[in-house]
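Colleague: pasting the sequence and the predicted model now:
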Amino acid sequence: AQTVTQSQPEMSVQEAETVTLSCTYDTSESDYYLFWYKQPPSRQMILVIRQEAYKQQNATENRFSVNFQKAAKSFSLKISDSQLGDAAMYFCAYRSARGGTSYGKLTFGQGTILTVHP
Amino acid sequence: NAGVMQNPRHLVRRRGQEARLRCSPVKGHSHVYWYRQLPEEGLKFMVYLQKENIIDESGMPKERFSAEFPKEGPSILRIQQVVRGDSAAYFCASSPQGLGTEAFFGQGTRLTVV
């Protein structure tokens, strides 16, 4: 079974600064997807960024980028030029690329609460 | 992402009552997933359904919990004889056919058992 670990329960950053959230995972599979989701106080789960394991290039979405280290099974999220609206709980998630009963099922980490100070 | 509708947003039940949580997926999505989020924790997978079929219910408690996704209408997560420990946020997600596609989440139903 796959596991996802976020070792930072809380992080804080000054507005306009950069912060990195850590995530490690464990799997015996070679092909999979990794995601970062943002959960603001409204509880809505918002997809921030995704990474396909077969791609060596790190994914980037505007101010959000990842550092994907497949051999180390590490998937960190970097938020540049942090904004007050970035304050939320962030979840790292894993999804197998296999079909069948595993199809689409996400395994989440425990979450990291990000506080942004003005 | 605006398409997954869950209702109610908040549900209060007394111990021993039944809770019914509804999820309408994005139009055209045939895959539905239910997750539970206990306070201060991440989301935990409960069940994966396609139309009229339960594909994987490995995360769902064996007793009191059931789920369905009928041919017509929303997916329903049903919890019978609720207990305090069932208090949580329950999220539904849907995705279309095909690997590599993104799952879209609803806003969740917060169940409080008093």
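Modeller: Received the coordinates, thanks.

Colleague: interface residues of chain B facing chain A?
Modeller: Counting by Cβ under 8 Å from any Cβ of the partner chain, chain B comes close to chain A at B:1, B:31, B:33, B:35, B:41-45, B:48, B:55-56, B:58, B:89, B:91, B:93, B:95, B:99-103, B:105, B:107-108, B:110. (Each C-beta comes from the backbone N, C-alpha and C, glycine too.)

Colleague: please repeat the previous calculation with a cut-off of 7 Å.
Modeller: Within chain B, the positions near chain A by Cβ under 7 Å from any Cβ of the partner chain are B:31, B:33, B:41-43, B:45, B:48, B:55-56, B:89, B:91, B:95, B:99, B:102-103, B:105, B:107-108.

Colleague: which non-adjacent residue is nearest residue B:23?
Modeller: residue B:92 (3.4 Å; Cβ to Cβ, 6 or more residues apart in numbering or on different chains).

Colleague: what residue is smack in the middle of chain B?
Modeller: Nearest to the geometric centre of chain B sits residue B:34, at 3.6 Å (Cα atoms, centre = their mean).

Colleague: I misspoke; the intended subject was chain A.
Modeller: With distances taken as Cα atoms, centre = their mean, residue A:36 lies nearest the centre of chain A, 2.9 Å away.

Colleague: may I see the PyMOL selection of the buried members of the residues of chain B next to chain A?
Modeller: In PyMOL, the members of these classed as buried (16 or more other Cβ atoms under 10 Å in any protein chain shown) are selected with the following command:
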select buried, chain B and resi 31+33+42+43+45+48+55+56+89+91+95+103+105+107+108
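
Colleague: so which of the residues of chain B next to chain A are in helices?
Modeller: If you go by DSSP state H, the residues of chain B next to chain A have nothing in helices.

Colleague: taking the residues of chain B next to chain A one by one, which sit in strands?
Modeller: With strands taken from DSSP state E, the overlap with those comprises B:31, B:33, B:43, B:45, B:48, B:55-56, B:89, B:91, B:95, B:105.

Colleague: tabulate these (a markdown table), appending pLDDT.
Modeller: Conversion of these to a markdown table gives the following (pLDDT from 0 to 100):
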| residue | pLDDT |
| --- | --- |
| B:31 | 90 |
| B:33 | 94 |
| B:43 | 94 |
| B:45 | 94 |
| B:48 | 93 |
| B:55 | 91 |
| B:56 | 91 |
| B:89 | 96 |
| B:91 | 97 |
| B:95 | 87 |
| B:105 | 92 |
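
Colleague: now flag whichever of the residues you listed is closest to residue A:20.
Modeller: The nearest member of these to residue A:20, counting by Cβ to Cβ, is residue B:43 at 22.4 Å.

Colleague: residues touching that closest one, list them.
Modeller: For residue B:43, the contacting residues are A:108, B:35, B:37, B:91, by Cβ atoms under 7 Å, 6 or more residues apart in numbering or on different chains.

Colleague: run through the bridge partners of the second one.
Modeller: Which is residue B:35. Judged by DSSP bridges, the bridge partners of residue B:35 are residue B:45, residue B:91.
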